[in-house]
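Trainee: What would the 3D arrangement of this be:
(chains A, B, C and D)
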There are 4 protein chains.
Amino acid sequence: MSEKDHQFSLEFIVRDYECDFQGVVNNANYQHYLEHARHEFLILKGISAVNLHEEGIDLIVSRIEIDYKYPLRSRDRFEVRISIKREGNARLVFLQNIYRLPDEKLIIKAIVTGVATKKGRPVAPGILIEQLGLQ
Amino acid sequence: MSEKDHQFSLEFIVRDYECDFQGVVNNANYQHYLEHARHEFLILKGISAVNLHEEGIDLIVSRIEIDYKYPLRSRDRFEVRISIKREGNARLVFLQNIYRLPDEKLIIKAIVTGVATKKGRPVAPGILIEQLGLQ
Amino acid sequence: MSEKDHQFSLEFIVRDYECDFQGVVNNANYQHYLEHARHEFLILKGISAVNLHEEGIDLIVSRIEIDYKYPLRSRDRFEVRISIKREGNARLVFLQNIYRLPDEKLIIKAIVTGVATKKGRPVAPGILIEQLGLQ
Amino acid sequence: MSEKDHQFSLEFIVRDYECDFQGVVNNANYQHYLEHARHEFLILKGISAVNLHEEGIDLIVSRIEIDYKYPLRSRDRFEVRISIKREGNARLVFLQNIYRLPDEKLIIKAIVTGVATKKGRPVAPGILIEQLGLQ
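Mentor: Numbers count the residues shown, from 1 in each chain, chains lettered A, B, ... in the order given. From the prediction side, this is the model:
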């Protein structure tokens, strides 16, 4: 994902409770940031993970790859930037990078593969693909 | 990692607060399970992530890949199994699978690459490699 | 709650990710320990918070008081001990203390008031009171 | 704390991962919101919990009381409002209420007592009291 490519970005500030005994954000918390940014991006496209769950459809992550480049510390401001692409008929791939602000230092690069499931089985995310402009 | 290969395993039970609105363990929490199992494995080998931090050395994760195969639910018992290998002079690779108990269903497959750093720079994890029997 | 009074206890070990930048367990995580111990106690009595939720009944906490006496650190073993009493027709009060092991140092004293609700309104927890032996 | 009394407020939005299997914010996460708001308030007054830790002084919570009035759900906007008072020579008391926005529904009322400690022993928070305008 190059600087200009992202379709959505969301700004955060590191909260102290997100830092662990090493004084930096605990690895697992980056997944929280990535999830929150994805869900806010989907909301903007008219897709609510919570509402879909109530209708019996779950958006789930089937695979995640994260390269940790540099750690975030207490009160660092940062931005999660997202671009999305389709993979076959069933998968959506979110490219998600985190940059520290204001110096734009690359913090993590993540590739998150998502599928829509109904009762635990993948469903073609037709309407999602349409709403995301990926058809 | 085949069944017989793992060098360490640790049993857990899913706690209700680890489940999210979808009624399954939130993706980020698997990283917590993986980290806790790794740290307990290292303790068994005489390596304390917390003590090393106090000596100025941080064990950090530089890359993680997780394939989410099947979700865990409230009170599921499960086991994190670990095998470890060396990658060059600076990296340790932890193969970590999670299996539900007692049915041995595969839940996640993870590959976690770790490095030892001092003041943010990688250091050759010589003594760690020795303690882990990887020399 | 005196030593001999508790009706249930559950042992834990502090996981490194539960410690924050101060090197001790973050305050919020004690609530996680308390909740997990309560839910395990209720399970033993035949009451599942998760199953009740699926039937439309939610066990919720209406008030919590915690006195933090001494902090827990990485890998400390500890026990959550619970005794329970009834308060009027609608409330259950859980007295929950945490002791470090093996030295029995008092870590926190908590009083947790719970109510059962249906569609957001309190319901008399008749059957719960029976199952808990409080009638 | 009446509406007009608070000295600081901070706005948040509920993130989906903060909700548990009941579909509402898990009780422990309110403590995270309260802590983050307190730390941001202190920063505004020139007091950094993280920097103090590095100087050997820890701001810790000795007691918390929370009345849970109404639950927050996915993507609810809310505000943590804080007023502060001194209690004797060693304690600071934070009155912290959470209101949902924009309807101002009261979500929780919390009273958080804090002390400053050095090597685990309370110290008179003289300079803090001055910086907080409480002398």
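Trainee: C-alpha only now, for contacts and for neighbours.
Mentor: Will do.
Trainee: Can you tell me how far the residue of chain A most remote from its centre is from chain D?
Mentor: Within chain A, the residue lying farthest from the chain centre (C-alpha atoms, centre = their mean) is A:Phe21, at 25.4 Å. Note on A:Phe21: its distance to chain D, by C-alpha to the nearest C-alpha, to the nearest Å, is 12 Å.
Trainee: three-state assignment of that residue?
Mentor: coil (DSSP: H, G, I helix; E, B strand; the rest coil).
Trainee: thought it was touching C:Asp16?
Mentor: Yes: between A:Phe21 and C:Asp16 there is a contact at 7.4 Å, judged by C-alpha atoms under 8 Å.
Trainee: who touches both of these two?
Mentor: Counting by C-alpha atoms under 8 Å, 6 or more residues apart in numbering or on different chains, the shared contacts of A:Phe21 and C:Asp16 are B:Val50.
Trainee: circling back to that earlier point, give me every residue that touches the residue farthest from the centre of chain A.
Mentor: By C-alpha under 8 Å, 6+ apart, the contact list for A:Phe21 reads B:Val50, C:Asp16, C:Tyr17, C:Cys19, C:Asp20, C:Phe21, C:Gln22, C:Gly23, C:Val24.
Trainee: correct me, but the fourth one touches C:Asp76?
Mentor: No: taking C-alpha under 8 Å as the definition, C:Cys19 is not a contact partner of C:Asp76, at 11.1 Å.
Trainee: More neighbours: these two, which one.
Mentor: C:Cys19 (24 against 16; other C-alpha atoms under 10 Å in any protein chain shown).
Trainee: can you pull the contacts of that one?
Mentor: A:Asp20, A:Phe21, C:Val25, C:Asn26, C:Arg73, C:Ser74.
Trainee: same deal with A:Glu87?
Mentor: A:Val93 are the contacts of A:Glu87 under C-alpha under 8 Å, 6+ apart.
Trainee: If A:Pro122 is in a bridge, with which residues?
Mentor: Under DSSP bridges, the beta-bridge partners of A:Pro122 are A:Thr117.
Trainee: And the strands in chain A?
Mentor: Secondary structure of chain A (DSSP state E): strands at A:8-13, A:57-68, A:77-87, A:91-101, A:106-118, A:121-123.
Trainee: The shortest one: which residues count as buried?
Mentor: Neighbour-count burial for strand A:121-123, counted by 16 or more other C-alpha atoms under 10 Å in any protein chain shown, picks out A:Pro122, A:Val123.
Trainee: where are the low-confidence patches of chain A?
Mentor: A:1-4 (pLDDT under 70).
Trainee: swap the cut-off to 90 and go again
Mentor: A:1-5, A:87-90, A:118-135 (pLDDT under 90).
Trainee: Enumerate the residues of it near chain B.
Mentor: Counting by C-alpha under 8 Å from any C-alpha of the partner chain, the positions of chain A adjacent to chain B are A:21-22, A:27-29, A:31-32, A:50, A:53, A:58, A:61-69.
Trainee: In PyMOL, how would I select the buried members of these?
Mentor: Here is the PyMOL command that picks out the buried ones among the residues of chain A next to chain B, judged by 16+ other C-alpha under 10 Å:
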select buried, chain A and resi 21+22+27+28+29+31+32+50+53+58+61+62+63+64+65+66+67+68
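Trainee: need the contact list for the closest residue to A:Arg77 other than its chain neighbours.
Mentor: In space, and not counting its chain neighbours, A:Arg77 is closest to A:Ile13: 4.4 Å by C-alpha to C-alpha, 6 or more residues apart in numbering or on different chains. Applying C-alpha under 8 Å, 6+ apart to A:Ile13 gives the contacts A:Arg75, A:Asp76, A:Arg77, A:Phe78.
Trainee: got the residues of chain A near chain D?
Mentor: For chain A, the contact set with chain D under C-alpha under 8 Å from any C-alpha comprises A:Arg15, A:Asp16, A:Tyr17, A:His32, A:Glu35, A:His36, A:His39, A:Val50, A:Ser74.
Trainee: How about the third one: what's its closest non-neighbour residue?
Mentor: If the residues on either side of it in the chain are set aside, A:Tyr17 comes closest to C:Asp20, at 6.1 Å by C-alpha to C-alpha, 6+ apart.
Trainee: So the one you found sits against A:Glu18, correct?
Mentor: Yes: look at C:Asp20 against A:Glu18 with C-alpha under 8 Å: they come within range, at 7.4 Å.
Trainee: Okay, the residue nearest to A:Ile84 when sequence neighbours are not counted and A:Lys85: tell me how far apart.
Mentor: With C-alpha to C-alpha, 6+ apart as the criterion, A:Ile84 has its nearest non-adjacent residue at 4.6 Å, and that residue is A:Phe94. Separation of A:Phe94 from A:Lys85 (C-alpha to C-alpha, to the nearest Å): 7 Å.
Trainee: between the two, which one's more packed in?
Mentor: Between A:Phe94 and A:Lys85, counted using other C-alpha under 10 Å, the more crowded position is A:Phe94 (20 against 15).
Trainee: What distance do you get for A:Arg100 to A:Pro71?
Mentor: A:Arg100 is 9 Å from A:Pro71, where distance means C-alpha to C-alpha.
Trainee: Looking at the two, which one has more neighbours?
Mentor: The neighbour count for A:Arg100 versus A:Pro71, taken as other C-alpha under 10 Å, is higher for A:Arg100 (21 against 17).
Trainee: ok, now which ones touch the closest residue to the more buried one other than its chain neighbours?
Mentor: Once flanking residues are discounted, A:Arg100 sits nearest to A:Phe78: 4.1 Å by C-alpha to C-alpha, 6+ apart. Contact analysis of A:Phe78 by C-alpha under 8 Å, 6+ apart lists A:Glu11, A:Phe12, A:Ile13, A:Val14, A:Ile98, A:Tyr99, A:Arg100, A:Leu101, A:Pro102.
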